[in-house]
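Peer 1: here are the coordinates; sequence isn't available:
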């Protein structure tokens, strides 16, 4: 149980285009979802926290107009990187937790490369 | 605010040897503690967690960790490692009284198991 999927696993796009990444909880209701960014050989950096049906809460320094997060249902959250630039290239990982449980379950990640 | 210090960035060991990965945390409130493992180009998998109760916690793949409140530590141990344990290990902490249980991660420890 507690499986989280992400799609796509890898995406390459041109500078200036937008990219949408989906995060789904397959066998539980994700009351809270988190989006992280991970640079090579580094730890995870929390970008934002979203509760189902509410606006996401962004961490300091994360541009909310650039990284659009939608958590419209208890099983799906999306991260849209708008007007992507090469510096947005990174490994993006989502996680989810359900009400009453503290632990987060992580998706497999999405490798974004912006040319 | 919380912080996590993983004292060793890299730990090389030989197969079947015991290993300890160290983790210390700092927090002004009660915490929950977690260890996650990340294999290359993948998301994070929960190894074990301490929420309350017994300070010795057993997890998957033969790992265990001990919560030491006085020393603010949560070291991860395994009595005999396998080649397949080679991965990045992250210690994380969250506020036990929080509503979203946001995680603060350490910088990670790369465990390399050599034949």
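Peer 2: Looks like it came in fine. Keep in mind it's a predicted model, so treat the numbers as computed, not measured.
Peer 1: Show me which residues of chain A sit near chain B.
Peer 2: Residues of chain A found near chain B (Cβ under 8 Å from any Cβ of the partner chain) are A:4, A:6, A:32, A:34, A:42-44, A:46, A:49, A:51, A:91, A:93, A:95, A:97, A:102-109, A:111. Backbone N, C-alpha and C define where each C-beta goes, glycine included.
Peer 1: In space, not sequence, find me the middle residue of chain A.
Peer 2: By Cα atoms, centre = their mean, chain A has its centre lying nearest to residue A:35, at 3.6 Å.
Peer 1: Please identify which helix or strand holds the nearest residue to residue A:38 once chain neighbours are set aside.
Peer 2: Spatial nearest neighbour of residue A:38, chain neighbours left out: residue A:91 (4.5 Å); criterion: Cβ to Cβ, 6 or more residues apart in numbering or on different chains. Assigned by DSSP states H and E, residue A:91 belongs to strand A:90-97.
Peer 1: what residues does that strand touch?
Peer 2: A:4, A:6, A:21, A:23, A:25, A:28, A:30-40, A:44, A:77, A:79, A:103-112, B:41, B:43-44, B:100-101 (Cβ atoms under 8 Å, 6 or more residues apart in numbering or on different chains).
Peer 1: quick one: strands adjacent to it?
Peer 2: With DSSP bridges as the test, strand A:90-97 is paired with strand A:32-38 (antiparallel), strand A:105-106 (antiparallel), strand A:110-114 (antiparallel).
Peer 1: quick one on the thing from earlier: distance of the closest residue to the residue nearest to the centre of chain A other than its chain neighbours from residue B:76?
Peer 2: Nearest residue to residue A:35, sequence neighbours excluded (Cβ to Cβ, 6+ apart): residue A:47, at 4.6 Å. Residue A:47 sits 26 Å away from residue B:76, going by Cβ to Cβ, to the nearest Å.
Peer 1: Also residue A:95?
Peer 2: 20 Å.
Peer 1: and these two? which has more neighbours close in?
Peer 2: residue A:95 (27 against 24; other Cβ atoms under 10 Å in any protein chain shown).
Peer 1: so how far is residue B:2 from the closest residue to the more buried one other than its chain neighbours?
Peer 2: Distance criterion Cβ to Cβ, 6+ apart; nearest residue to residue A:95, sequence neighbours excluded, is residue A:104 at 4.0 Å. Distance, residue A:104 to residue B:2, by Cβ to Cβ: 15 Å.
Peer 1: more neighbours, the two?
Peer 2: The residue with more neighbours, out of residue A:104 and residue B:2, is residue A:104; 27 against 16, by other Cβ under 10 Å.
Peer 1: Is it correct that that one is in contact with residue B:102?
Peer 2: No. Residue A:104 is beyond contact range of residue B:102, at 9.0 Å (criterion: Cβ atoms under 8 Å).
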